[in-house]
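# Just the structure for this:
(chains A and B)
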Amino acid sequence: MKSPDFSYLKVQTMADVFSALQEHGDSAQLLAGGQSLLAMLNLRMANPKILIDISGLESLKGIHKTGDVVRIGALTTHHEVLSSSIVQTHVPLLAQAVPYVAHLAIRNKGTIGGSLALGDPAAEYPAVALALNATLVIQSASGERRVKAIDFFLSLYRTAVQAHEVLIAVEFPVATSNQRFVFSELARRKGDYAMVGMALAISLDGPTIRDASLAFMAMDDKPILAPHAMKAMVGQPINQQTIAEAQKGLDADLHPAGDLLANAATKKHLSRVLLSRALMQAGATHV
Amino acid sequence: MSENCMHAQFTVNGETVDAQVPVRMHLVDYLRDELGLTGSHLGCEHGVCGACQVMVDGQVVRGCLTLAIQANGKQVQTIEGLTENRELQQLQAAFLEHNAFQCGFCSSGMLLTALEITKHHKQATREEIRELISGNYCRCTGYQAIVNAIESVLVKSSSESGAKV
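Numbering: from 1, shown residues only, chains lettered A, B, ... in the order given. The predicted model follows:
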């Protein structure tokens, strides 16, 4: 299909963004990489009066490590995240997840901020942000506010970003040497929408799991944590019994509705498979 | 009600385009309908199939997920403009040799992905080639012939560069 009609404004400064947002309110839509938005326009799932193209704002691009935080500008592309040595070294969970984000041509244009701000429950970055307790940095004309991932994703395509605000960056904590990370996802075709996906971060104290964070995607109307499974892992060594207990926890944590890709029972089964594989992988890399 | 248009200036295959562009029109429609460059194909129109791929400022992108107005100030290259390119000619010859064209609908998009592979993933294994072309649907070949063709170009160019050392 063809997109509905709209007007278009390419902005050069953040001040221009805020004044355009003030003028047009809810009828405006920010355009970053456009790799979800243009599809939604072509499918007429979105119908903005005006697109505010922020893709030229250089200040929202780039990956920097400051102390124990890696800050990624909202307009940084998937390709740039994928090729970043800072991400490889300091945010390994994110590095594992990016290859699952769409395909080569889309990764050249799509942005991390665009994906996070869209809030698609089947997307990779939201689950990674949740598992790593990332901080989302949101700016408006009156200043900046910082929101933790758990408070950022509200429901399907709804986030904490208000109509007058812009997501400008995401901050991930730097990985420590006792942490292990596994990102895993099942889709019909790699890069397509996930049937189920999982982001696991654990801290080890010798052979014992001291802390665990486990997020799932494509299981609800937003990325969700799995608190029962997390609790079942803490204080335990990585072995078959712990895996079984954590899988049992998933039964209490996950209540997926079926979708076109997989029914609820399949999704629940696959979540247990992914968690089992992930823990075995994390255990195998234990030193 | 007439649709919104805006002025844009960009190059397509080296030639300047200076025109009023309907802002809702995506780049492939503009290339095909306004400029008559029908080498880029229109398949799904929502970013899934890859048939519409073009290069913008040297990077392969989905033409259906790029507005024509977003090309303002940029350099666009299509399959038509890239045929003089030596790497692309090698790929086209290899596709022909390995019977990787067949119906041809996916070919222009597939070749641009293949071009990016030969530029940036020279050491790609068969498995990696499969992953890198996973964003381009082909309904004829079963991909085997395409992977064979791309692999043959990578092997050839690595042995050529090896011979120089």
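# Leaving out chain neighbours, which residue sits closest to the closest residue to chain A within chain B?
As assessed by C-beta to the nearest C-beta, chain A sits closest to B:G135 within chain B, at 2.3 Å. No exception for glycine: its C-beta is placed from N, CA and C like everyone else's. Nearest in space to B:G135, with sequence neighbours left out and distances taken as C-beta to C-beta, 6 or more residues apart in numbering or on different chains, is A:H103 at 2.3 Å.
# That neighbour and A:K109, how far apart?
Applying C-beta to C-beta, to the nearest Å, the value for A:H103 to A:K109 is 11 Å.
# before we move on, what about B:A93?
Counting by C-beta to C-beta, the gap from B:A93 to A:K109 is 30 Å.
# And for A:T13?
22 Å.
# Could you list the low-pLDDT ranges of chain B?
B:1, B:162-165 (pLDDT under 70).
# Just list the residues touching the residue of the stretch 1-150 of chain A found nearest chain B, thanks.
Going by C-beta to the nearest C-beta, chain B is nearest to A:H103 of the stretch 1-150 of chain A, at 2.3 Å. If you count contacts by C-beta atoms under 8 Å, 6 or more residues apart in numbering or on different chains, A:H103 has them with A:191, B:50, B:134-136.
# most surrounded residue in the residues you listed?
B:G50 (29 neighbours; other C-beta atoms under 10 Å in any protein chain shown).
# how about the helices in the chain?
Using chain A. Using DSSP state H, the helices found in chain A span residues A:14-24, A:37-42, A:78-82, A:85-90, A:92-97, A:104-107, A:112-118, A:124-131, A:149-152, A:227-233, A:240-253, A:264-284.
# not quite, I wanted chain B
Applying DSSP H to chain B gives helices spanning B:27-29, B:79-82, B:86-97, B:107-120, B:126-132, B:144-164.
# nearest to A:T266, of the ones you listed?
Comparison of these against A:T266 by C-beta to C-beta identifies helix B:126-132 as nearest, at 24.0 Å.
# now check that closest one, is it near chain A?
Yes - judged by C-beta under 8 Å from any C-beta of the partner chain, helix B:126-132 and chain A are in contact via B:131-132.
# Which secondary structure elements does that helix sit against?
helix B:107-120, helix B:144-164 (3 or more C-beta pairs under 8 Å, 6 or more residues apart in numbering or on different chains; DSSP states H and E).
# Please identify the buried residues of it?
For helix B:126-132, a neighbour-count test (16 or more other C-beta atoms under 10 Å in any protein chain shown) marks B:129-132 as buried.
# Pull up the residues of chain B that are close to chain A.
B:1, B:3-4, B:6, B:23-26, B:29, B:45-48, B:50, B:53, B:59-62, B:64-67, B:69-70, B:72, B:112-113, B:116, B:131-132, B:134-136.
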